[in-house]
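Q: Provided below for reference: sequence and predicted model.
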Amino acid sequence: MNDTSFGTGSRILHDQEGSINSNKIYNSIYCGDNLTILKHLLDDYSSKVDMIYIDPPYNTGKDFTFRDSFKHDRYKKLPLLKEVGATDPHSLWRQFMTPRLEKSRELLADCGLIFISIDDNELHNLRTIMNEIYGDQNFIATLVRQSGVAPRQDAKHVAIQHDYVVIYAKNANSAVINRKPSALKGFVLEDDHIEVRGCYRLNKLDRGSIRYSDSLDYPITAPDGNEVWPGGDPSDRKWTWRWSQTKVAWGIENDFIVFKKSRDGKPSVYFKEYEKVDNQCRPKVRTNPYSTLIRGCPNEKGNRELKTLFKRRVFDYPKPVDLIKLLLKMGTRKNSLVLDFFAGAGSTGHAVWALNREDGGSRRFILAQLDEPVLDEDVEKDFPTVADITVERMRRVAHQYTNLEFENDECGFDVFRVADQNPPPESS
């Protein structure tokens, strides 16, 4: 291993044997305490990370493949916690998260976004911490994810089937939440302009209006010479055209206006609404904002994905790749740098590669995972720490995508491990 020392009382060792296509791809996986890693990353990545996603411990008090509760001594031995001496699990959680979230803000670009998965156990504490560090003016939204497919029958009071994704910006005035392409309906008609304008649908040009405007109540001359009034009757003051006379003249000249006979034989006026241009013939991408409700990404989906890769259960409740892909679509560009410093089973790295493969992007990731021991004895035989699962998952995904001829970019990553600054001398 190559050795790089830092001023944080630790060293970063480059694990060349564990890396794939080392120094070519600029994806990184760090194994060790994430606070130490975040401090190291500031040297090279201060204000350079475009998006952060983290799935920190929910502090549920339950043992999974790894420890999710702050009642355990393992967490109390981490930097800071071993100094404060707190015993309340919620206090420990706050003291554990605060310095890490402070460093996360330093790493984010001015237009950067952070997405944090959490449940009801620590949602309030998380919002409080984030308001202190990021500022409540930079809160974007709390998404609600359906985490379970069927309600648990052993629920004490009600069956909880959701958790949250909390979103903050480093600077809400600079940040951009992308929009999703519209599920276009009714755009099925074609004309000679299809290559530029796309398909179109017809909308009536007149409308019943509470706010009557005399300037929008005028006759339009149809091709047969007849005059057409909004609502069909010049004396009806409840109807107007949507467009001005000047705009209608432009629309007729540029093939945006259509005259059709209604069932009673009277002419009606329609305007064409195109897929690819607006009603001034300017290019338009039709999009919708993302919803705060997330469906179709339950925990079971993440379990199946990981079991497909490992042929057995190695980690409890990994986040589904589709969930992280959705968040990446909301918060990244095609060349963004993504950080996850609670990498767990590596879902974020997997999602970055999956989305790159889908849209031709060149996003890169930095993953960090505490090398905490795996509790399951059978899993521990092959993967002693959770960080080992993170690395192995990305190795298997890289192999899978290489076999699928992932030509956009080579799948690869460098592995780094945190070690003490002054290791004990080796015995002779």
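A: That came in fine, so what should we check first? Only a predicted model underlies this, so the values are computations on that prediction, with no experimental measurement involved.
Q: element containing the residue nearest in space to the middle of the chain, please.
A: Taking Cα atoms, centre = their mean as the criterion, L327 is the residue nearest the geometric centre of the chain, at 0.9 Å. L327 is located in helix 321-331, with elements delineated by DSSP states H and E.
Q: The very next helix or strand once past that helix - what's its average pLDDT?
A: Sequence order places strand 337-340 as the next helix or strand after helix 321-331, per DSSP H and E. Across strand 337-340, pLDDT averages out at 98.
Q: Likewise for stretch 146-155?
A: 80.
Q: quick one: buried residues of that stretch?
A: S147 (16 or more other Cβ atoms under 10 Å). (Glycine included, C-beta is placed from N, CA and C.)
Q: gap between the two ends of it?
A: In stretch 146-155, first residue to last residue: 16 Å (Cα to Cα, to the nearest Å).
Q: who's in contact with it?
A: With contact meaning Cβ atoms under 8 Å, 6 or more residues apart in numbering, stretch 146-155 is reached by 159-163, 293-300.
Q: Using PDB, list the CA coordinates for stretch 236-255.
A: This file holds the C-alpha atoms of stretch 236-255, laid out as PDB (Å, rounded to 0.1, in the frame of the first residue of the first chain):
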ATOM      1  CA  ASP A 236     -72.100  36.700 -25.800                       C
ATOM      2  CA  ARG A 237     -69.800  38.700 -23.500                       C
ATOM      3  CA  LYS A 238     -68.700  35.700 -21.500                       C
ATOM      4  CA  TRP A 239     -66.300  34.400 -24.200                       C
ATOM      5  CA  THR A 240     -63.000  35.600 -25.500                       C
ATOM      6  CA  TRP A 241     -60.100  34.300 -27.600                       C
ATOM      7  CA  ARG A 242     -56.900  33.200 -25.800                       C
ATOM      8  CA  TRP A 243     -54.700  35.100 -28.300                       C
ATOM      9  CA  SER A 244     -54.700  38.700 -29.500                       C
ATOM     10  CA  GLN A 245     -55.500  39.600 -33.100                       C
ATOM     11  CA  THR A 246     -51.800  40.100 -33.900                       C
ATOM     12  CA  LYS A 247     -51.000  36.700 -32.400                       C
ATOM     13  CA  VAL A 248     -53.800  35.000 -34.400                       C
ATOM     14  CA  ALA A 249     -52.500  36.500 -37.600                       C
ATOM     15  CA  TRP A 250     -49.100  35.200 -36.800                       C
ATOM     16  CA  GLY A 251     -50.600  31.800 -36.000                       C
ATOM     17  CA  ILE A 252     -52.400  31.500 -39.300                       C
ATOM     18  CA  GLU A 253     -49.300  32.500 -41.200                       C
ATOM     19  CA  ASN A 254     -47.100  30.000 -39.300                       C
ATOM     20  CA  ASP A 255     -49.600  27.100 -39.400                       C
END
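Q: returning to what we had before: give me the contacts around the helix holding L327.
A: Contacts for helix 321-331 (Cβ under 8 Å, 6+ apart): 50-51, 53, 113, 115, 145, 165, 167, 177-178, 180, 290, 294, 296-297, 301-302, 305, 336, 338, 347-348, 350-352, 354-355, 358, 363.
Q: hang on, the earlier thing: any idea how far the residue nearest to the centre of the chain is from V321?
A: For L327, the distance to V321 (Cβ to Cβ, to the nearest Å) stands at 11 Å.
Q: now swap in S147 and tell me
A: 15 Å.
Q: one step back: Serialize the contacts of stretch 146-155 to a markdown table and add fields for neighbour count, secondary structure and distance to Y26.
A: A markdown table is the format used below for the contacts of stretch 146-155 (neighbours: other Cβ atoms under 10 Å; DSSP: H, G, I helix; E, B strand; the rest coil; distance: Cβ to Cβ, whole Å):
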| residue | neighbour count | secondary structure | distance to Y26 |
| --- | --- | --- | --- |
| A159 | 12 | coil | 44 |
| I160 | 14 | coil | 40 |
| Q161 | 16 | coil | 39 |
| H162 | 15 | strand | 36 |
| D163 | 23 | strand | 32 |
| L293 | 10 | strand | 35 |
| I294 | 21 | strand | 30 |
| R295 | 9 | coil | 34 |
| G296 | 11 | coil | 32 |
| C297 | 20 | coil | 28 |
| P298 | 21 | coil | 33 |
| N299 | 20 | helix | 31 |
| E300 | 14 | helix | 33 |
